[in-house]
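**Q** after the sequence you'll find the predicted model.
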Amino acid sequence: MPKTNRVTNFRMPGSSLEEFNVKSPEIGKKILYGVCGEGMGHAIRSGVIVEHLLGKNEVSIFAHGRSYDYLSEKFDNVHQIGGFNTVYEANQVNSAKTFFNGIKDLPLDLHKNLTYMQDFAKEFQPDIIISDFEFYTNLLSKILRVPFISLDHTHVVTHCQTDVPYKYLKDKLKAEGVIRSFIQLPSVYLITSFYYPPLVNPGRVRIFPPVLRKRILRLKGKEKTLKGDKRTLKCKEGTHIFVYQTSTSNTELIKLLKETDYRFIIYGFHKDQEDENLSYRSFNENYFYHDLASCQAVITNGGFNLISEALYLNKPVFSVPVKKQFEQVLNAIYLEKLGFGEFHEDPLKDDLENFMLKLDFYRKNIKSNFTHDRNQTILQELDKLIQELTSANKQELKNKPDVGITTSSNLIN
(Lines give C-alpha, C1' and ligand atoms only; values in the text may rest on other atoms or scores of the structure.)
Protein backbone atom coordinates (compact mmCIF):
# COMPACT_ATOMS: atom_id res chain seq x y z
CA MET A 1 0.00 0.00 0.00
CA PRO A 2 1.49 3.33 -0.92
CA LYS A 3 1.92 6.01 1.68
CA THR A 4 -1.21 8.09 1.88
CA ASN A 5 -2.94 10.56 4.12
CA ARG A 6 -6.64 11.39 4.54
CA VAL A 7 -7.93 9.12 1.80
CA THR A 8 -11.25 7.43 1.35
CA ASN A 9 -12.26 4.47 -0.78
CA PHE A 10 -15.35 4.49 -2.98
CA ARG A 11 -16.84 2.34 -5.70
CA MET A 12 -17.86 4.13 -8.90
CA PRO A 13 -21.39 3.08 -9.94
CA GLY A 14 -21.19 0.56 -12.75
CA SER A 15 -17.40 0.38 -12.61
CA SER A 16 -15.50 -2.91 -12.55
CA LEU A 17 -12.67 -1.36 -10.58
CA GLU A 18 -12.78 -2.18 -6.88
CA GLU A 19 -11.22 0.85 -5.24
CA PHE A 20 -10.11 4.41 -5.89
CA ASN A 21 -8.04 6.56 -3.55
CA VAL A 22 -9.43 10.09 -3.54
CA LYS A 23 -9.06 13.09 -1.26
CA SER A 24 -11.69 13.20 1.45
CA PRO A 25 -14.00 16.23 1.13
CA GLU A 26 -13.67 16.90 4.85
CA ILE A 27 -11.31 16.26 7.71
CA GLY A 28 -12.94 14.48 10.63
CA LYS A 29 -11.14 14.12 13.94
CA LYS A 30 -7.45 14.51 14.70
CA ILE A 31 -6.24 11.21 16.12
CA LEU A 32 -2.95 10.28 17.78
CA TYR A 33 -2.29 6.56 17.52
CA GLY A 34 0.35 4.84 19.67
CA VAL A 35 1.70 1.42 18.70
CA CYS A 36 3.82 -0.96 20.79
CA GLY A 37 6.93 -2.17 18.98
CA GLU A 38 7.21 -5.61 20.60
CA GLY A 39 6.54 -8.29 17.98
CA MET A 40 4.61 -7.60 14.78
CA GLY A 41 1.01 -8.17 15.89
CA HIS A 42 0.49 -4.64 17.25
CA ALA A 43 1.83 -3.08 14.05
CA ILE A 44 -0.19 -5.27 11.68
CA ARG A 45 -3.46 -4.72 13.54
CA SER A 46 -2.81 -0.98 13.83
CA GLY A 47 -2.05 -0.73 10.13
CA VAL A 48 -5.54 -2.02 9.31
CA ILE A 49 -7.19 0.32 11.82
CA VAL A 50 -5.22 3.38 10.69
CA GLU A 51 -6.00 2.73 7.03
CA HIS A 52 -9.69 2.74 7.93
CA LEU A 53 -9.45 5.87 10.10
CA LEU A 54 -7.70 7.81 7.36
CA GLY A 55 -10.87 7.61 5.30
CA LYS A 56 -12.42 10.39 7.40
CA ASN A 57 -9.78 11.59 9.87
CA GLU A 58 -6.27 12.92 10.21
CA VAL A 59 -4.02 10.43 11.97
CA SER A 60 -0.50 10.78 13.37
CA ILE A 61 1.27 7.69 14.67
CA PHE A 62 3.84 7.24 17.44
CA ALA A 63 5.60 3.88 17.33
CA HIS A 64 8.85 2.21 18.27
CA GLY A 65 10.87 -0.81 17.25
CA ARG A 66 9.52 -3.06 14.53
CA SER A 67 6.18 -1.24 14.53
CA TYR A 68 7.85 1.99 13.45
CA ASP A 69 9.71 0.19 10.66
CA TYR A 70 6.52 -1.48 9.40
CA LEU A 71 4.15 1.48 9.67
CA SER A 72 6.54 4.12 8.33
CA GLU A 73 6.71 2.14 5.07
CA LYS A 74 2.93 2.37 4.72
CA PHE A 75 1.91 5.77 6.05
CA ASP A 76 3.02 9.37 6.35
CA ASN A 77 3.08 11.07 9.75
CA VAL A 78 4.73 8.16 11.59
CA HIS A 79 6.99 9.34 14.42
CA GLN A 80 9.66 7.22 16.07
CA ILE A 81 9.84 7.07 19.86
CA GLY A 82 11.64 4.89 22.37
CA GLY A 83 9.97 1.90 23.96
CA PHE A 84 10.33 -1.23 26.05
CA ASN A 85 11.80 -4.44 24.65
CA THR A 86 11.54 -8.00 25.94
CA VAL A 87 14.73 -10.05 26.34
CA TYR A 88 14.40 -13.65 25.08
CA GLU A 89 16.76 -16.52 25.89
CA ALA A 90 16.17 -20.14 24.85
CA ASN A 91 12.55 -19.39 23.87
CA GLN A 92 11.86 -17.90 27.29
CA VAL A 93 11.39 -14.38 28.55
CA ASN A 94 14.28 -13.35 30.79
CA SER A 95 12.23 -11.32 33.24
CA ALA A 96 15.20 -9.96 35.19
CA LYS A 97 17.04 -8.63 32.14
CA THR A 98 13.82 -7.27 30.65
CA PHE A 99 13.04 -5.43 33.89
CA PHE A 100 16.52 -3.99 34.46
CA ASN A 101 16.92 -2.91 30.83
CA GLY A 102 13.56 -1.15 31.03
CA ILE A 103 14.37 0.57 34.32
CA LYS A 104 17.80 1.63 33.05
CA ASP A 105 16.36 3.35 29.97
CA LEU A 106 13.13 4.64 31.50
CA PRO A 107 14.23 8.05 32.90
CA LEU A 108 15.79 9.23 29.65
CA ASP A 109 13.05 7.75 27.46
CA LEU A 110 10.32 9.20 29.66
CA HIS A 111 11.69 12.74 29.43
CA LYS A 112 12.66 12.52 25.77
CA ASN A 113 9.46 10.87 24.53
CA LEU A 114 6.99 12.94 26.51
CA THR A 115 8.71 16.23 25.69
CA TYR A 116 8.71 15.38 21.99
CA MET A 117 5.14 14.08 22.01
CA GLN A 118 3.75 16.99 24.00
CA ASP A 119 5.43 19.53 21.72
CA PHE A 120 3.94 17.73 18.72
CA ALA A 121 0.51 17.59 20.35
CA LYS A 122 0.50 21.37 20.94
CA GLU A 123 0.62 21.86 17.18
CA PHE A 124 -1.52 18.88 16.19
CA GLN A 125 -4.27 19.40 18.81
CA PRO A 126 -5.58 15.82 18.89
CA ASP A 127 -9.25 15.19 19.57
CA ILE A 128 -8.62 11.65 20.78
CA ILE A 129 -5.78 9.18 21.46
CA ILE A 130 -5.83 5.46 20.63
CA SER A 131 -3.20 3.05 21.92
CA ASP A 132 -2.34 -0.48 20.88
CA PHE A 133 -0.54 -1.22 24.15
CA GLU A 134 1.78 1.76 23.77
CA PHE A 135 2.88 3.24 27.09
CA TYR A 136 3.70 6.88 26.32
CA THR A 137 0.51 7.76 24.44
CA ASN A 138 -1.32 6.47 27.50
CA LEU A 139 0.54 9.05 29.62
CA LEU A 140 0.03 11.74 27.01
CA SER A 141 -3.73 11.27 27.14
CA LYS A 142 -3.66 12.07 30.86
CA ILE A 143 -1.52 15.17 30.29
CA LEU A 144 -3.75 16.50 27.51
CA ARG A 145 -7.03 15.42 29.11
CA VAL A 146 -8.37 14.02 25.85
CA PRO A 147 -10.40 10.81 25.43
CA PHE A 148 -8.35 7.64 25.32
CA ILE A 149 -9.23 4.30 23.69
CA SER A 150 -7.27 1.10 24.31
CA LEU A 151 -7.42 -1.25 21.31
CA ASP A 152 -5.40 -4.46 21.47
CA HIS A 153 -5.50 -8.16 22.26
CA THR A 154 -3.32 -7.87 25.35
CA HIS A 155 -6.12 -6.83 27.70
CA VAL A 156 -7.78 -10.21 27.33
CA VAL A 157 -5.42 -11.06 30.22
CA THR A 158 -6.76 -8.40 32.60
CA HIS A 159 -10.32 -7.75 31.46
CA CYS A 160 -11.64 -11.22 30.69
CA GLN A 161 -12.39 -14.11 33.05
CA THR A 162 -9.97 -16.66 31.64
CA ASP A 163 -9.66 -20.25 32.77
CA VAL A 164 -6.02 -21.37 33.15
CA PRO A 165 -4.29 -24.25 34.95
CA TYR A 166 -2.95 -23.54 38.43
CA LYS A 167 0.72 -23.76 37.37
CA TYR A 168 0.30 -20.61 35.24
CA LEU A 169 -1.35 -18.44 37.89
CA LYS A 170 1.93 -16.87 39.02
CA ASP A 171 2.77 -15.87 35.45
CA LYS A 172 -0.78 -14.55 35.03
CA LEU A 173 -0.44 -12.29 38.08
CA LYS A 174 2.88 -10.94 36.81
CA ALA A 175 1.39 -10.27 33.38
CA GLU A 176 -1.61 -8.50 34.90
CA GLY A 177 0.69 -6.20 36.85
CA VAL A 178 2.71 -5.26 33.78
CA ILE A 179 -0.37 -4.69 31.61
CA ARG A 180 -2.07 -2.51 34.22
CA SER A 181 1.09 -0.44 34.59
CA PHE A 182 1.22 0.19 30.83
CA ILE A 183 -2.35 1.29 30.24
CA GLN A 184 -4.41 3.12 32.87
CA LEU A 185 -8.08 4.08 32.79
CA PRO A 186 -8.96 4.47 29.12
CA SER A 187 -12.48 5.52 28.29
CA VAL A 188 -13.07 2.06 26.83
CA TYR A 189 -11.18 -1.17 26.19
CA LEU A 190 -11.62 -2.73 22.74
CA ILE A 191 -10.24 -6.28 22.75
CA THR A 192 -9.69 -8.44 19.68
CA SER A 193 -9.65 -12.21 20.15
CA PHE A 194 -10.36 -15.58 18.53
CA TYR A 195 -11.78 -16.81 21.87
CA TYR A 196 -14.42 -15.05 23.91
CA PRO A 197 -14.21 -15.50 27.69
CA PRO A 198 -16.65 -13.54 29.88
CA LEU A 199 -15.81 -9.84 30.29
CA VAL A 200 -14.80 -8.46 33.69
CA ASN A 201 -16.46 -5.07 33.17
CA PRO A 202 -18.90 -5.19 30.21
CA GLY A 203 -19.73 -1.51 30.64
CA ARG A 204 -16.22 -0.44 29.60
CA VAL A 205 -14.91 -3.52 27.80
CA ARG A 206 -15.95 -4.86 24.41
CA ILE A 207 -14.58 -7.87 22.55
CA PHE A 208 -14.42 -8.47 18.80
CA PRO A 209 -13.00 -10.97 16.30
CA PRO A 210 -9.37 -10.49 15.22
CA VAL A 211 -8.45 -7.57 12.97
CA LEU A 212 -7.08 -9.08 9.75
CA ARG A 213 -5.23 -7.56 6.82
CA LYS A 214 -7.08 -7.15 3.52
CA ARG A 215 -4.66 -9.44 1.77
CA ILE A 216 -5.36 -12.20 4.29
CA LEU A 217 -9.11 -11.68 3.84
CA ARG A 218 -8.65 -12.09 0.08
CA LEU A 219 -6.76 -15.38 0.47
CA LYS A 220 -9.72 -17.42 1.70
CA GLY A 221 -9.80 -20.67 -0.25
CA LYS A 222 -7.25 -23.10 -1.60
CA GLU A 223 -6.26 -21.30 -4.78
CA LYS A 224 -5.63 -17.57 -4.97
CA THR A 225 -3.27 -15.41 -6.94
CA LEU A 226 -0.69 -13.07 -5.45
CA LYS A 227 1.05 -10.55 -7.68
CA GLY A 228 4.64 -10.47 -6.53
CA ASP A 229 7.49 -8.13 -7.32
CA LYS A 230 8.77 -10.38 -10.10
CA ARG A 231 6.16 -13.05 -10.76
CA THR A 232 2.65 -14.24 -10.00
CA LEU A 233 2.27 -16.88 -7.29
CA LYS A 234 -0.50 -19.47 -7.27
CA CYS A 235 -1.51 -20.37 -3.72
CA LYS A 236 -2.51 -24.01 -4.12
CA GLU A 237 -2.28 -26.03 -0.94
CA GLY A 238 1.21 -27.50 -0.77
CA THR A 239 3.06 -30.03 1.31
CA HIS A 240 5.10 -27.68 3.50
CA ILE A 241 4.53 -26.58 7.09
CA PHE A 242 4.76 -22.85 7.80
CA VAL A 243 6.97 -21.92 10.78
CA TYR A 244 7.26 -18.52 12.44
CA GLN A 245 9.30 -17.66 15.54
CA THR A 246 9.10 -14.50 17.65
CA SER A 247 12.84 -14.67 18.35
CA THR A 248 15.80 -16.69 17.12
CA SER A 249 16.36 -18.27 20.54
CA ASN A 250 14.30 -21.45 20.08
CA THR A 251 17.08 -23.67 18.78
CA GLU A 252 15.48 -26.81 20.27
CA LEU A 253 12.53 -26.46 17.91
CA ILE A 254 14.88 -26.33 14.92
CA LYS A 255 16.54 -29.57 16.08
CA LEU A 256 13.10 -31.18 16.33
CA LEU A 257 12.07 -30.12 12.83
CA LYS A 258 15.24 -31.61 11.35
CA GLU A 259 14.40 -34.98 12.91
CA THR A 260 11.25 -35.32 10.80
CA ASP A 261 10.58 -35.96 7.11
CA TYR A 262 8.34 -32.93 6.63
CA ARG A 263 9.33 -29.82 4.70
CA PHE A 264 9.33 -26.55 6.65
CA ILE A 265 9.42 -22.94 5.47
CA ILE A 266 10.70 -20.85 8.37
CA TYR A 267 10.36 -17.12 9.07
CA GLY A 268 11.76 -15.15 11.97
CA PHE A 269 15.47 -15.97 11.71
CA HIS A 270 16.21 -13.09 9.28
CA LYS A 271 18.04 -15.14 6.67
CA ASP A 272 17.60 -16.96 3.35
CA GLN A 273 19.12 -20.40 3.59
CA GLU A 274 18.43 -24.04 2.71
CA ASP A 275 19.30 -26.65 5.34
CA GLU A 276 18.09 -30.16 4.42
CA ASN A 277 14.30 -30.11 4.98
CA LEU A 278 14.36 -26.52 6.30
CA SER A 279 13.95 -23.46 4.09
CA TYR A 280 14.71 -20.22 5.96
CA ARG A 281 13.23 -17.06 4.50
CA SER A 282 13.85 -13.44 5.39
CA PHE A 283 10.66 -11.41 5.59
CA ASN A 284 9.03 -10.49 2.29
CA GLU A 285 5.36 -9.64 2.70
CA ASN A 286 4.24 -11.10 -0.61
CA TYR A 287 6.05 -14.43 -0.19
CA PHE A 288 5.01 -14.60 3.46
CA TYR A 289 1.36 -14.51 2.35
CA HIS A 290 1.97 -17.16 -0.31
CA ASP A 291 3.74 -19.54 2.04
CA LEU A 292 1.07 -19.13 4.72
CA ALA A 293 -1.86 -19.55 2.32
CA SER A 294 -0.43 -22.68 0.70
CA CYS A 295 0.79 -24.55 3.81
CA GLN A 296 -0.69 -27.66 5.43
CA ALA A 297 -0.35 -26.32 8.97
CA VAL A 298 1.37 -23.65 11.06
CA ILE A 299 3.98 -23.96 13.81
CA THR A 300 4.41 -20.77 15.79
CA ASN A 301 4.81 -19.39 19.28
CA GLY A 302 1.64 -18.05 20.87
CA GLY A 303 1.47 -14.75 19.01
CA PHE A 304 -2.15 -13.74 18.55
CA ASN A 305 -1.93 -12.23 15.08
CA LEU A 306 -0.43 -15.16 13.20
CA ILE A 307 -2.65 -17.66 15.01
CA SER A 308 -5.69 -15.61 13.96
CA GLU A 309 -4.54 -15.40 10.33
CA ALA A 310 -3.89 -19.14 10.26
CA LEU A 311 -7.35 -19.91 11.66
CA TYR A 312 -9.02 -17.63 9.12
CA LEU A 313 -7.26 -19.62 6.39
CA ASN A 314 -8.34 -22.90 8.04
CA LYS A 315 -4.79 -23.91 9.01
CA PRO A 316 -4.34 -26.00 12.19
CA VAL A 317 -1.79 -24.51 14.59
CA PHE A 318 0.94 -26.24 16.60
CA SER A 319 1.75 -23.65 19.26
CA VAL A 320 4.99 -23.53 21.25
CA PRO A 321 4.61 -20.31 23.29
CA VAL A 322 7.56 -18.36 24.59
CA LYS A 323 7.87 -19.44 28.20
CA LYS A 324 6.94 -16.85 30.84
CA GLN A 325 5.11 -14.85 28.16
CA PHE A 326 1.67 -15.37 29.64
CA GLU A 327 -0.36 -13.79 26.83
CA GLN A 328 1.14 -16.33 24.40
CA VAL A 329 0.50 -19.18 26.84
CA LEU A 330 -3.12 -18.06 27.23
CA ASN A 331 -3.62 -18.01 23.46
CA ALA A 332 -2.21 -21.53 23.19
CA ILE A 333 -4.42 -22.80 26.01
CA TYR A 334 -7.57 -21.57 24.26
CA LEU A 335 -6.34 -22.73 20.86
CA GLU A 336 -6.25 -26.26 22.26
CA LYS A 337 -9.50 -25.89 24.25
CA LEU A 338 -11.34 -24.97 21.05
CA GLY A 339 -9.86 -27.87 19.09
CA PHE A 340 -8.08 -25.59 16.61
CA GLY A 341 -4.64 -27.07 17.26
CA GLU A 342 -2.26 -28.02 20.05
CA PHE A 343 -0.27 -26.39 22.85
CA HIS A 344 3.18 -27.77 23.65
CA GLU A 345 5.82 -26.37 25.99
CA ASP A 346 8.68 -28.72 25.04
CA PRO A 347 7.47 -30.71 22.05
CA LEU A 348 8.93 -34.04 21.00
CA LYS A 349 9.01 -35.67 17.57
CA ASP A 350 6.01 -37.85 18.46
CA ASP A 351 3.99 -34.75 19.41
CA LEU A 352 4.50 -33.19 15.99
CA GLU A 353 3.85 -36.41 14.10
CA ASN A 354 0.63 -37.06 16.05
CA PHE A 355 -0.47 -33.48 15.34
CA MET A 356 0.02 -34.02 11.61
CA LEU A 357 -2.19 -37.12 11.75
CA LYS A 358 -5.05 -35.04 13.18
CA LEU A 359 -5.05 -32.17 10.68
CA ASP A 360 -8.45 -33.07 9.22
CA PHE A 361 -9.98 -33.10 12.71
CA TYR A 362 -8.59 -29.63 13.48
CA ARG A 363 -9.64 -28.24 10.08
CA LYS A 364 -13.20 -29.41 10.69
CA ASN A 365 -13.29 -27.68 14.09
CA ILE A 366 -11.88 -24.44 12.69
CA LYS A 367 -14.34 -24.42 9.81
CA SER A 368 -17.26 -25.02 12.18
CA ASN A 369 -16.33 -22.76 15.08
CA PHE A 370 -13.98 -19.97 14.01
CA THR A 371 -16.05 -16.94 13.05
CA HIS A 372 -15.02 -13.65 11.49
CA ASP A 373 -16.87 -10.57 10.21
CA ARG A 374 -14.14 -9.15 7.96
CA ASN A 375 -13.35 -6.45 10.57
CA GLN A 376 -16.71 -4.73 10.16
CA THR A 377 -18.01 -4.74 13.74
CA ILE A 378 -14.92 -3.30 15.40
CA LEU A 379 -14.46 -0.63 12.73
CA GLN A 380 -18.07 0.48 13.07
CA GLU A 381 -17.81 0.51 16.87
CA LEU A 382 -14.59 2.52 16.73
CA ASP A 383 -16.14 5.15 14.43
CA LYS A 384 -19.09 5.45 16.78
CA LEU A 385 -16.91 5.75 19.89
CA ILE A 386 -14.70 8.42 18.36
CA GLN A 387 -17.73 10.58 17.66
CA GLU A 388 -19.33 10.00 21.06
CA LEU A 389 -16.17 10.48 23.15
CA THR A 390 -14.94 13.58 21.36
CA SER A 391 -18.37 15.19 21.52
CA ALA A 392 -18.64 14.45 25.23
CA ASN A 393 -15.14 15.80 25.89
CA LYS A 394 -15.85 18.97 23.92
CA GLN A 395 -18.94 19.59 26.02
CA GLU A 396 -16.98 18.96 29.24
CA LEU A 397 -14.32 21.48 28.21
CA LYS A 398 -17.03 23.99 27.42
CA ASN A 399 -18.62 23.52 30.85
CA LYS A 400 -15.26 23.43 32.68
CA PRO A 401 -12.80 25.71 30.88
CA ASP A 402 -10.02 24.97 33.39
CA VAL A 403 -9.94 21.31 32.27
CA GLY A 404 -6.94 20.56 30.08
CA ILE A 405 -4.29 22.68 31.77
CA THR A 406 -2.27 19.72 33.04
CA THR A 407 1.40 19.76 32.11
CA SER A 408 3.92 16.96 31.93
CA SER A 409 6.37 18.58 34.34
CA ASN A 410 5.41 16.30 37.20
CA LEU A 411 6.03 13.28 35.02
CA ILE A 412 9.24 14.16 33.19
CA ASN A 413 11.19 16.23 35.69
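**A** It's in.

**Q** can you list the domains in this structure?
**A** What automatic domain parsing lists as the domains of the chain is 7-212+373-412, 214-369.

**Q** format those as TSV; extra columns: mean pLDDT and mean neighbour count.
**A** Heads up, the C-betas are built off the backbone N, CA and C, glycines and all. TSV is the format used below for those (pLDDT from 0 to 100; neighbours: other Cβ atoms under 10 Å):
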stretch	mean pLDDT	mean neighbour count
domain 7-212+373-412	81	17
domain 214-369	89	18
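
**Q** residue ranges for the strands of the stretch 301-413 of the chain, please.
**A** Listed in chain order, the strands of the stretch 301-413 of the chain (DSSP state E, counting those that start in this stretch) span 317-319, 341-343.

**Q** so which of those strands comes closest to E123?
**A** When the strands of the stretch 301-413 of the chain are compared by Cβ to Cβ, strand 317-319 sits nearest E123, at 44.8 Å.

**Q** for that closest one, give me every contacting residue.
**A** Applying Cβ atoms under 8 Å, 6 or more residues apart in numbering, the external contacts of strand 317-319 come out as 297-302, 307, 310-311, 328, 331-332, 335-336, 340-344, 347, 352, 355.

**Q** gap between L199 and S193?
**A** L199 sits at a distance of 11 Å from S193 (criterion: Cβ to Cβ, to the nearest Å).

**Q** need the overlap of contacts for the two.
**A** When contacts are counted by Cβ under 8 Å, 6+ apart, the set common to L199 and S193 consists of C160, I207.

**Q** ok so, going back, distance to Y70 for the strands of the stretch 301-413 of the chain - can I get that in a markdown table?
**A** Shown next, in a markdown table, are the strands of the stretch 301-413 of the chain (distance: least, Cβ to Cβ, whole Å):
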| stretch | distance to Y70 |
| --- | --- |
| strand 317-319 | 23 |
| strand 341-343 | 26 |
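
**Q** mind checking the ones you listed for the one nearest to P147?
**A** strand 317-319 (36.0 Å).

**Q** now do the closest one: distance to the chain's middle.
**A** 18 Å (Cα atoms, centre = their mean, to the nearest Å).

**Q** next one: stretch 134-147
**A** 20 Å.

**Q** now swap in stretch 357-364 and tell me
**A** Worked out by Cα atoms, centre = their mean, stretch 357-364 lies 27 Å from the chain centre.

**Q** counting by contacts, list what whatever helix or strand Y33 lives in packs against.
**A** Assessed by DSSP states H and E, Y33 sits inside strand 30-35. The helices and strands touching strand 30-35, judged by 3 or more Cβ pairs under 8 Å, 6 or more residues apart in numbering; DSSP states H and E, are helix 41-53, strand 58-63, helix 65-72, helix 95-124, strand 128-132, helix 135-144.

**Q** what's the third one in contact with?
**A** Read that as helix 65-72. 35-40, 42-44, 46-47, 50, 61, 63, 78, 80-81, 83, 85.

**Q** how near is V59 to N354?
**A** V59 is 47 Å from N354, by Cβ to Cβ.

**Q** so which residues of the stretch 251-400 of the chain form helices?
**A** Using DSSP state H, counting those that start in this stretch, the helices found in the stretch 251-400 of the chain span residues 251-258, 285-293, 304-312, 326-337, 349-357, 359-369, 376-399.

**Q** ok, residues contacting the shortest one?
**A** Read that as helix 251-258. Under Cβ under 8 Å, 6+ apart, the answer for helix 251-258 is 90-91, 243, 245, 264, 266, 275-278, 299, 320, 346-349, 352.

**Q** try 7 Å this time
**A** F264, E276, N277, L278, V320, P347, K349, L352 (Cβ atoms under 7 Å, 6 or more residues apart in numbering).

**Q** out of those residues, who's nearest S249?
**A** Set against S249, the nearest of these by Cβ to Cβ is V320 (11.9 Å).

**Q** so how far is G339 from that closest one?
**A** Taken as Cβ to Cβ, the span from V320 to G339 is 18 Å.

**Q** also S368?
**A** Relative to G339, S368 is positioned 9 Å away (Cβ to Cβ).

**Q** and if you look at H79?
**A** Counting by Cβ to Cβ, the gap from H79 to G339 is 43 Å.

**Q** doesn't G37 lie inside a helix?
**A** No: read with DSSP: H, G, I helix; E, B strand; the rest coil, G37 is coil and lies in no helix.

**Q** so it touches H64, yeah?
**A** Yes: taking Cβ atoms under 7 Å as the definition, G37 is a contact partner of H64 at 3.9 Å.

**Q** so Q118 touches I143, yeah?
**A** Yes: using Cβ under 7 Å, Q118 makes contact with I143 at a distance of 6.3 Å.

**Q** and L173, its phi and psi?
**A** phi -60, psi -40 (degrees, to the nearest 10).

**Q** then the one 4 residues further on?
**A** For G177, the backbone dihedrals (degrees, to the nearest 10) come out as phi -60, psi -40.

**Q** gap between it and T158?
**A** Taken as Cβ to Cβ, the span from G177 to T158 is 9 Å.

**Q** just to revisit the earlier point, Serialize the contacts of helix 251-258 to JSON lines and add fields for distance to H270.
**A** Converted to JSON lines, those look like this (distance: Cβ to Cβ, whole Å):
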{"residue": "F264", "distance to H270": "16"}
{"residue": "E276", "distance to H270": "20"}
{"residue": "N277", "distance to H270": "20"}
{"residue": "L278", "distance to H270": "15"}
{"residue": "V320", "distance to H270": "19"}
{"residue": "P347", "distance to H270": "23"}
{"residue": "K349", "distance to H270": "26"}
{"residue": "L352", "distance to H270": "24"}
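
**Q** and these, which is closest to Q184?
**A** V320 (32.6 Å).

**Q** which residues touch the closest residue to that closest one other than its chain neighbours?
**A** Leaving aside its sequence neighbours, V320 sits nearest to H344 (Cβ to Cβ, 6 or more residues apart in numbering; 5.5 Å). Applying Cβ under 7 Å, 6+ apart to H344 gives the contacts F318, V320, D351.

**Q** tell me the secondary structure at I191.
**A** I191 is classified as strand under three-state DSSP.

**Q** separation between the closest residue to F318 other than its chain neighbours and A43?
**A** Nearest non-adjacent residue to F318, counting by Cβ to Cβ, 6+ apart: I299, 4.6 Å away. Computed as Cβ to Cβ, the I299 to A43 distance reads 22 Å.
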